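Q: Requesting a structural model of the entry that follows:
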Amino acid sequence: RRVLFRSGFDWNGITLIYLDATNNSIAGCWLGLAATGTNAAPNAYQGIFLAAGASGNIIGGTNALARNVLSGNSQYGVFITDSNTTGNFVLGNYLGTDASGSNAVANGKSGVIIGGGAGGNTIGGTNALARNILSGNTEFGVYLTNTTDNIISGNYLGVNVTGAAALANQKSGVALYGGTQNLIGGTATGAGNVLSGNGNYGVDIRNPVANGNFVQGNLIGLGAGGTNGIANTLGGVLLAGGAQSNTIGGTVAGARNVISGNIQAGVFFNDPNTSGNLIEGNYVGTDITGTNAVPNTLAGIYLPYGTPDNVIGGTTPGARNVISGNYYGVYLASPATAGNVVEGNYIGVTPDGTHAVGSAFTGVIIFAGATNNTIGGTAAEAGNLISGFWGYGVYISGTGTSGNLVQGNIIGADHTGTNALGNGYANVLLQLGATNNVIGGTGAGAGNVIAFSPQAGVLLLNAETTNNAIRWNSIFSNGLLGINFSNTAPVSNHVGFLAG
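A: Modelled structure (predicted):
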């Protein structure tokens, strides 16, 4: 094999600029790597720089001889910029590793950056030979900013060439800090990326200008086989800084992300302006089959700091998330965490809704002042299945935690509502001053099935827990009382139509 070395330059390894830099191929080069294949020989800026209309170029290819190793550069492996720089492909390369793809030879910033208005470029592909290894970099595997309509598919980001061991990008696998209509993964066979083992997140989407993007078909926090965890250190997916209207998953099977094995959370929402995002059709906290736990250590879906008006799930079977195996399934906290909808999900159970999946403390926790969130709903298929936890199905707690609706769910049974998958301490808990929450309701479809806990169906604790309504639910086959007022005054809450 003949390899071209272009390393140690006081500029870029290779530069393609202007409109006449089109339809070129760059293949079989080591740029920023010494002839040993194991050590850096940095170019002063980028390995490859494409700008000012350089379009239709191919970096690498779909055979081993075409592979470039773009590592050890002072800034980026590949830098793509300017609004008319489009239609370029980066295929089958190693960016941030040695020539074996097994050890880090970091680029000083990221493996690939696309910015400055560049759009319509493709990193990777559905053919396994198009896979880039974007690992071991000082910042990100891929960094997207001020860019649209790019595709990042079929790559390994944060793992080595085998896909079975971490080779961390020190920050995140993909950082999307500005842009719209970018696709990370895809629904076609082979389009999903492995985004695991990174120092921060698998996917990091933030800022108000990061909107309308799609994350689909990826393994995030798992190895390439989809069965073993390779944790991202801070979480699987971050939505923060005002990111809006992004979709994680989708309603067709190929859109499903498996977001598991991460430290802290599977999907982490942050910032009060991060809203309108949709999380649908994913497995969160399980392996690729959905039947075995690969927990995110804290929560499957995590909204701790005041994030409003997002949707977790949906009212069609394809929109259902399976959120199982985690210490908390869905975690809602803080006064500004309001108006979120959690609907149509299976929480704590297998995808067929018949067995528990190694779940831990609580299915849905709402506390610390979270308000006006809806768990379930009255529409067909809006109800969640929340069962199989050793603690609680739904846990509502704290002064200021008010106005939350729990409606149309099955809590403590299987998907039929007739077979036991009870939550251990109680199916529903209200305590420590939670007020004006509604469990059930008087409208059609509002009542919950609350059954098969070995303890109480609904447990209310503390005298300050007042003005909650428990109405039109089917409460049966719990080991103790259907509704248990313990240290509360029953007259301070509103109970009606207890069945069983």
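
Q: going forward, measure contacts and count neighbours with C-alpha atoms only.
A: Noted.

Q: so where's the stretch 251-400 of the chain uncertain?
A: Within the stretch 251-400 of the chain, the set of residues satisfying pLDDT under 70 is empty.

Q: same thing but 90
A: The model of the stretch 251-400 of the chain has pLDDT under 90 over residues 358-360.

Q: now swap in the chain and tell me
A: 1-10, 358-360, 485-500.

Q: what about the spatially closest residue to residue 73 that is not a sequence neighbour, how many neighbours?
A: Of all residues not flanking residue 73 in the chain, residue 42 sits nearest, at 4.4 Å (Cα to Cα, 6 or more residues apart in numbering). When neighbours are defined as other Cα atoms under 10 Å, residue 42 has 29 of them.

Q: There's contact between residue 89 and residue 58 in this structure, I believe.
A: Yes. Proximity of residue 89 to residue 58 meets the contact threshold set by Cα atoms under 8 Å, at 4.8 Å.

Q: what about those two, which has more around it?
A: Taking other Cα under 10 Å, residue 89 and residue 58 do not tie; residue 89 has more neighbours (22 against 18).

Q: how far away is the residue nearest to residue 190 when sequence neighbours are not counted from residue 367?
A: Setting aside the residues directly before and after it, residue 190 is nearest to residue 126 in space (Cα to Cα, 6+ apart), at 4.4 Å. Relative to residue 367, residue 126 is positioned 43 Å away (Cα to Cα, to the nearest Å).

Q: now do residue 465
A: The gap separating residue 465 from residue 367 is 13 Å, by Cα to Cα.

Q: now residue 10
A: According to Cα to Cα, residue 10 and residue 367 sit 56 Å apart.

Q: With neighbour numbers in mind, choose between the two.
A: residue 367 (26 against 11).

Q: List the contacts of that one.
A: 332, 333, 334, 395, 396, 397, 398, 401 (Cα atoms under 8 Å, 6 or more residues apart in numbering).

Q: got the contact list for the first one?
A: The one in question is residue 332. Counted by Cα under 8 Å, 6+ apart, residue 332 has contacts 302, 303, 304, 364, 365, 366, 367, 370.

Q: Of those residues - the most surrounded one?
A: residue 370 (33 neighbours).

Q: give the contact list for that residue.
A: Listed by Cα under 8 Å, 6+ apart, the contact set of residue 370 reads 306, 332, 333, 334, 335, 336, 337, 338, 400, 401, 402.

Q: for those residues, which one is nearest residue 51?
A: residue 306 (40.1 Å; Cα to Cα).

Q: and the closest one, how many neighbours does it have?
A: Number of residues near residue 306 (other Cα under 10 Å) recorded here: 20.

Q: Same check on residue 272?
A: That count, for residue 272 with other Cα under 10 Å as the rule, works out to 17.

Q: again with residue 37
A: 17.

Q: Do I have it right that it meets residue 98?
A: Yes. With contact defined as Cα under 8 Å, residue 37 counts as touching residue 98 (5.7 Å).

Q: Thanks a lot, see you next time.
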